[in-house]
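1. can't give you the sequence, but here's the structure:
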């Protein structure tokens, strides 16, 4: 038994623009790395035993964890940003390079 | 070989406006499995936070107290080894599953897939099916469109906030959190994380969806190295399907494959790819195209399995997928799988052994640097130590403290120390040794802590005793 099935042209790909791609490539891996760094750092170090400019940290532990997380994210993000910028500026490679036109 | 066609967009397309994917919804075996996984994972996620255990939350990673409660187990920062082992076990488990069954994690269990599915369900029930949504997207702004959009974003927002609340509820007690919200006294940091995680869920599951998998997920990029010719993949049987086309319209004598080119496999795909172009890294292995194609094959009266879970080896053998299951199963025990399984079994048993044989008491010993060694009555030298005793069991316990290793060493004012369940206590211990018995300098000394009620609950810690010159 054959049934007529409607055919419809579809455009299925959506591709982020340059800044969208850069944002995704930089923010997400650094987020993951920051999460790992945060877990390892604060498993080993108690936020109540930290010193800031020679003074014991007086923030609440949750504040310290939060600041720590965003600190790690910024550092990892800066590194990702430089890497992606350098990768983009890499000299055009010869034929043996795979995946480049 | 699996046919590979370069379908990467032209460079110009990279700067093109984004096109929204509006997948068609489909019923079928694999869709049922996907929904079963949504229910299981979300009942666990939203429900577990509320489960009580011994008068506290069963699963709580209490950040402020720095203690992890997992049912009957209380982990302290000193148990970070278990956390590391748990991460290794998760990674190995993922390797094993990927080697055997391909991207089942992505298709069925990844929070990105699960929340996207839930958000799409909401979208479908508010804005209608695929064609209705495409029309709505194209339509100019009207009161109706505004209303539908507001309802959708509102429902998404509510679910995202509940998700954010639950997430924070795993790190700070959820019942306290709920009462703080009810009394409008939520702490600023809890509030921040609740909204942060809610926004995260909303943006990822509502707007970014497949782009997260395609452009952001590291696992999507490297899972290819875990694949081998015997890994299960969702694949189109080109031998059987091609040349594709409408059978009714085919000319007399023209050979037409089983693929009727209905495009359903493309329309249902949450990442918007055409599986008939071969294995692509964008494919999250959700198998919805299998459900779609099976329905179409049923309608046109051809056997199912034109798109199916199969392996590269089966495809190369040119066997139809539904006959290839024996082939798939015959290669399931291969060196890679055996290696991952034995490694996993080894680490899991080590983990379990370490967890169940660990002593439920810990002691940190620090010599008090503020009080130097001093002479006390009776010609004795005294050192003061700061001890932190951590009772990691679920019952309150009393302990006896002793010193050994030096002749005549004793603790002044010795008494039993009581520590509450899953609690810790800091004490100062004054250790006295006969002055004549020791040479000046540093000497090893040991603290023994012994639970009164259980002979095997004991710890032995080394420290040093200072004899002044």
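-> That came in fine, so what should we check first? This is a predicted model, so every value here is computed, not measured.
2. What is the neighbour count of the residue in the stretch 201-350 of chain B that chain A sits nearest to?
-> Per CB to the nearest CB, residue B:272 is where the stretch 201-350 of chain B lies closest to chain A, at 3.2 Å. The way it works is simple: take the backbone N, C-alpha and C, and place the C-beta from them, glycine included. As a burial measure, residue B:272 scores 22 neighbours (other CB atoms under 10 Å in any protein chain shown).
3. SS state for it?
-> In three-state terms, and counting by DSSP: H, G, I helix; E, B strand; the rest coil, residue B:272 is coil.
4. Is the closest residue in space to residue B:221 that isn't next to it in sequence in a helix, a strand, or coil?
-> Closest residue to residue B:221 apart from its sequence neighbours, by CB to CB, 6 or more residues apart in numbering or on different chains: residue B:281 at 6.9 Å. State at residue B:281, reduced to three classes by three-state DSSP: coil.
5. Up against chain A, what does the stretch 301-450 of chain B have?
-> residue B:301 (CB under 8 Å from any CB of the partner chain).
6. Any regions of the stretch 301-450 of chain B where pLDDT drops low?
-> The stretch 301-450 of chain B contains residues with pLDDT under 70 at B:319-324.
7. Which helix or strand in chain A has the lowest average pLDDT?
-> When the helices and strands of chain A are compared on mean pLDDT, DSSP states H and E, strand A:55-56 comes out lowest with a mean of 80.
8. following that strand, which helix or strand comes up?
-> Using DSSP states H and E, the helix or strand that follows strand A:55-56 towards the C-terminus is helix A:61-88.
9. Residue A:41 touches residue A:75, doesn't it?
-> No. With contact defined as CB atoms under 8 Å, residue A:41 does not reach residue A:75; the gap is 11.6 Å.
10. mind listing the helices for the stretch 301-450 of chain B?
-> B:312-316, B:325-330, B:335-357 (DSSP state H, counting those that start in this stretch).
11. I'd like to know which elements the first one is packed against.
-> Which is helix B:312-316. Judged by 3 or more CB pairs under 8 Å, 6 or more residues apart in numbering or on different chains; DSSP states H and E, helix B:312-316 is in contact with helix B:325-330.
12. which residues touch the helix it packs on?
-> B:230, B:232, B:310, B:311, B:313, B:314, B:317, B:319 (CB atoms under 8 Å, 6 or more residues apart in numbering or on different chains).
13. Out of the residues you listed, who's the most crowded?
-> residue B:314 leads the contacts of helix B:325-330 on contacts (other CB under 10 Å) with 27 neighbours.
14. how far away is residue B:260 from residue B:64?
-> 61 Å (CB to CB, to the nearest Å).
15. which one of these two has more residues nearby?
-> Each of residue B:260 and residue B:64 has its neighbours counted (other CB under 10 Å); residue B:260 has more, 26 against 14.
16. so that one is in which element?
-> Per DSSP H and E: nothing holds residue B:260, as it lies in no helix or strand.
17. same deal with residue B:116?
-> Residue B:116 belongs to helix B:111-127, assigned by DSSP H and E.
18. Identify all contacting residues around that helix.
-> Contacts for helix B:111-127 (CB under 8 Å, 6+ apart): B:23, B:25, B:34-35, B:37-38, B:41-42, B:106-107, B:133, B:136, B:148, B:151-152, B:155-156, B:159, B:163, B:201, B:204-206, B:209-210, B:212-213, B:217, B:270, B:284, B:286.
19. and those near chain A, which?
-> Applying CB under 8 Å from any CB to the contacts of helix B:111-127, those adjacent to chain A are B:212, B:217.
20. Can you flag the buried ones in the contacts of helix B:111-127?
-> B:23, B:34-35, B:37-38, B:41-42, B:106-107, B:133, B:136, B:148, B:152, B:156, B:159, B:163, B:201, B:204-206, B:209-210, B:212-213, B:217, B:270, B:284, B:286 (16 or more other CB atoms under 10 Å in any protein chain shown).
21. Please flag which of those sit within strands.
-> Judged by DSSP state E, the buried ones among the contacts of helix B:111-127 include no members of strands.
22. Flag every buried residue along stretch A:37-44.
-> A:37, A:38, A:42, A:43.
23. wait, which of those is closest to residue B:191?
-> Ranked by distance to residue B:191 (CB to CB), these are led by residue A:38 at 19.3 Å.
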